[in-house]
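Novice: got a predicted structure plus its sequence, pasted below:
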Number of protein chains: 2
Amino acid sequence: MTQQNRYDEEHKIQYYETDLTGKVTLGMLINMLVLTSYDQADSFGVGTDYMLSKGYGWVIAQYEIDIKRLPRDHEKVRLVTEATSNNRYFAYRQFFLEDDQGNELVHVDTICVVMDLTARKMVAIPDDAVAPYHSEVVKRIPRLSRPASFEESDVAATKTYRVRYFDLDSNHHVNNSHYFDWMMDALDEEFLIHHELCHLAIRFENEVRYGHVVKSEVTAPVNNEDGTATTHHHIMGNDERYAEATLTWRPLSATTVD
Amino acid sequence: MTQQNRYDEEHKIQYYETDLTGKVTLGMLINMLVLTSYDQADSFGVGTDYMLSKGYGWVIAQYEIDIKRLPRDHEKVRLVTEATSNNRYFAYRQFFLEDDQGNELVHVDTICVVMDLTARKMVAIPDDAVAPYHSEVVKRIPRLSRPASFEESDVAATKTYRVRYFDLDSNHHVNNSHYFDWMMDALDEEFLIHHELCHLAIRFENEVRYGHVVKSEVTAPVNNEDGTATTHHHIMGNDERYAEATLTWRPLSATTVD
């Protein structure tokens, strides 16, 4: 790939990155894909160290994920990222997961913002942090599909999670991948074993910190006309919402991909 | 390496394998090292698939881990395993983590057994599962140092953990690496930030299953004459003990390795 705003790496899926069906977990998949954006930034000299020296850090505020197939243990994949466009406050970054034949397995759209780590507030994206990518500078970045709203009375199940020491990354933040695990773990085992995630829209609203206890709330699955099922999720704590998401699932008996 | 019972792989430590100090977590380190033993077994045609076809699976019953230094984010390391010796019921397997100069950073001794997955009982090691390694067949395998015992009245802190869907591996077992996280997370953040693990002895006694709630119990740290501190740990549930461990810690101010 010669495009300057694209970057890619190879990866082999390992057993400890998979769940009991032998497919990569969404949390680990996001970890791997996000790694390419860190490595791309490092290759331009505008990585985490550069941002930290200014007191800033990149945060992914919103994801929309489309899954054709999740790769399995031992499978060789290509992780691709593209810093597609940005305006003064928002950067639109895409990630792609490809099989070893170059077929797209997963497509991830993200909206990224820059945080002042002391004030814990969003700031304008520093010009030099994006200049090396030669991304398109646009007036409006694309809108990702938003999670659907629901009432507390629609919540069918709740599980609680205490943020653990090992959930924190070197910025003392809770790594995004844990939100995916908290959301999905609130569903029961029967549902998880017999369904495969095919679409996810998630929006992060507030920061969860060490020691916080969060509630993962989920609605009952609703069956769609095309055979898929939809679940809605909130991560809540102290009456404030940390994240909201809508997940769409393919029943495993009806899938043709395995 | 030409020894038939040795096997090695290269690995680069990634941000999502590290904790907030930027060093690899013990859980992820064990995942990586254990991977080499799976890959070695696969290379001989006696890997997980072969064992499953007989209704068997390897289980690591006991670890003794000696840590000189934990590698950091981006560091290139070599993962080495050696199927050293075995008798009828027990296999003694070693793991080594080396830096890119070949210096040993971590040394892990393990005692492995074979489980009948239906009866959930230990069985004699099938000859053909170990023959390809040409490991030394011995009468007695080495004894690893055992965790020290302690009374319930010595417990200084307890945290509870519900086994999550994503804690399970493709054998429907809780991956060993989670026990390490449960044990260490029971200590407070202040202690964890200012200490570095240097030695661990752990023994697994019973199997934790999906949905179980376990208690991670830890004693108050005891200061040793050489400047290290020791903590004792139990993973408990329903009045039975799942695992016991003794951990030794180096205070970070006194360390010379960073």
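Specialist: Cool, the structure landed. Everything quoted here is computed from the prediction, not taken from an experiment.

Novice: quick one: the helix or strand encompassing A:Met32 near chain B?
Specialist: Secondary structure assigned from DSSP states H and E places A:Met32 in helix A:26-43. Yes: Helix A:26-43 comes into contact with chain B (Cβ under 8 Å from any Cβ of the partner chain), by way of A:Gly27, A:Met28, A:Asn31, A:Met32, A:Val34, A:Leu35, A:Tyr38. Heads up, the C-betas are built off the backbone N, CA and C, glycines and all.

Novice: give me the contact list for that helix.
Specialist: Identification of contacts with helix A:26-43 by Cβ atoms under 8 Å, 6 or more residues apart in numbering or on different chains yields A:7-9, A:11, A:17-18, A:47-48, A:50-51, A:58, A:60, A:63, A:65, A:70, A:79-81, A:83, A:93, A:95, A:97, A:106, A:108, A:133, A:175-178, A:180-181, A:184, A:197, A:200, B:14-16, B:166.

Novice: buried only: go through those for me.
Specialist: A:7, A:11, A:17-18, A:47-48, A:50-51, A:58, A:60, A:63, A:65, A:70, A:79-81, A:83, A:93, A:95, A:97, A:106, A:108, A:133, A:175-178, A:180-181, A:184, A:197, A:200, B:14-16, B:166 (16 or more other Cβ atoms under 10 Å in any protein chain shown).

Novice: out of those residues, which sit inside helices?
Specialist: Taking DSSP state H as the definition of helices, those contribute A:Thr48, A:Tyr50, A:Met51, A:Ser177, A:His178, A:Phe180, A:Asp181, A:Met184.

Novice: buried stuff in the helix holding A:Met32?
Specialist: Buried, per 16+ other Cβ under 10 Å, within helix A:26-43: A:26-41.

Novice: nearest to B:Trp249, of the residues you listed?
Specialist: Of all the buried residues of helix A:26-43, the one with the least separation from B:Trp249 (Cβ to Cβ) is A:Asn31, at 27.5 Å.

Novice: how much space separates that closest one from B:Ile235?
Specialist: The gap separating A:Asn31 from B:Ile235 is 26 Å, by Cβ to Cβ, to the nearest Å.

Novice: and the ones in helices among the buried ones among the contacts of helix A:26-43, which two are furthest apart?
Specialist: In terms of Cβ to Cβ, these reach their longest pairwise distance at A:Tyr50 and A:Met184, which sit 34.1 Å apart.

Novice: for A:Tyr7, give me its contacts.
Specialist: A:Tyr7 sits next to A:Met1, A:Thr36, A:Ser37, A:Asp39, A:Gln40, A:Ser43, A:Val80, A:Thr81, A:Glu82 when contact means Cβ under 8 Å, 6+ apart.

Novice: could I get the residues you listed as TSV with pLDDT and distance to A:Thr219?
Specialist: As requested, the contacts of A:Tyr7 are exported to TSV (pLDDT from 0 to 100; distance: Cβ to Cβ, whole Å):
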residue	pLDDT	distance to A:Thr219
A:Met1	41	41
A:Thr36	97	33
A:Ser37	96	32
A:Asp39	96	37
A:Gln40	96	37
A:Ser43	95	42
A:Val80	98	33
A:Thr81	98	32
A:Glu82	97	33
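
Novice: now, among the residues you listed, which is nearest to B:Thr231?
Specialist: Distance to B:Thr231 across those (Cβ to Cβ) is lowest for A:Asp39, with 36.5 Å.

Novice: how close does the closest one sit to A:Ser177?
Specialist: A:Asp39 is 17 Å from A:Ser177, where distance means Cβ to Cβ.

Novice: strands of the stretch 51-200 of chain A, residue ranges please.
Specialist: Secondary structure of the stretch 51-200 of chain A (DSSP state E, counting those that start in this stretch): strands at A:56-67, A:76-86, A:91-98, A:104-116, A:121-123, A:136-137, A:155-162, A:195-204.

Novice: and the ones you listed: which comes nearest B:Ala243?
Specialist: Where those are weighed against each other on Cβ to Cβ, the nearest is strand A:155-162, at 20.2 Å.

Novice: so for that closest one, mean pLDDT?
Specialist: Averaged over strand A:155-162, pLDDT sits at 96.

Novice: tilt between that strand and helix B:177-185?
Specialist: In terms of direction (axes from the mean of the first three to the mean of the last three Cα atoms, to 10 degrees), strand A:155-162 departs from helix B:177-185 by 60 degrees.

Novice: for chain B, tell me whether strand A:155-162 is touching it.
Specialist: Yes: Strand A:155-162 comes into contact with chain B when judged by Cβ under 8 Å from any Cβ, the residues involved being A:Lys159, A:Arg162.

Novice: that strand: which residues count as buried?
Specialist: A:Val155, A:Lys159, A:Tyr161.

Novice: now swap in stretch A:111-118 and tell me
Specialist: A:Ile111, A:Cys112, A:Val113, A:Val114, A:Met115, A:Leu117.

Novice: pLDDT value on the fifth one, please?
Specialist: It refers to A:Met115. pLDDT at A:Met115 comes out at 93.

Novice: was I right to think it contacts A:Tyr56?
Specialist: Yes: applying Cβ atoms under 8 Å as the test, A:Met115 and A:Tyr56 come out as touching, 6.7 Å apart.

Novice: what do these two both touch?
Specialist: Applying Cβ under 8 Å, 6+ apart, one finds that A:Met115 and A:Tyr56 are jointly contacted by A:Val123.

Novice: understood, closing this out.
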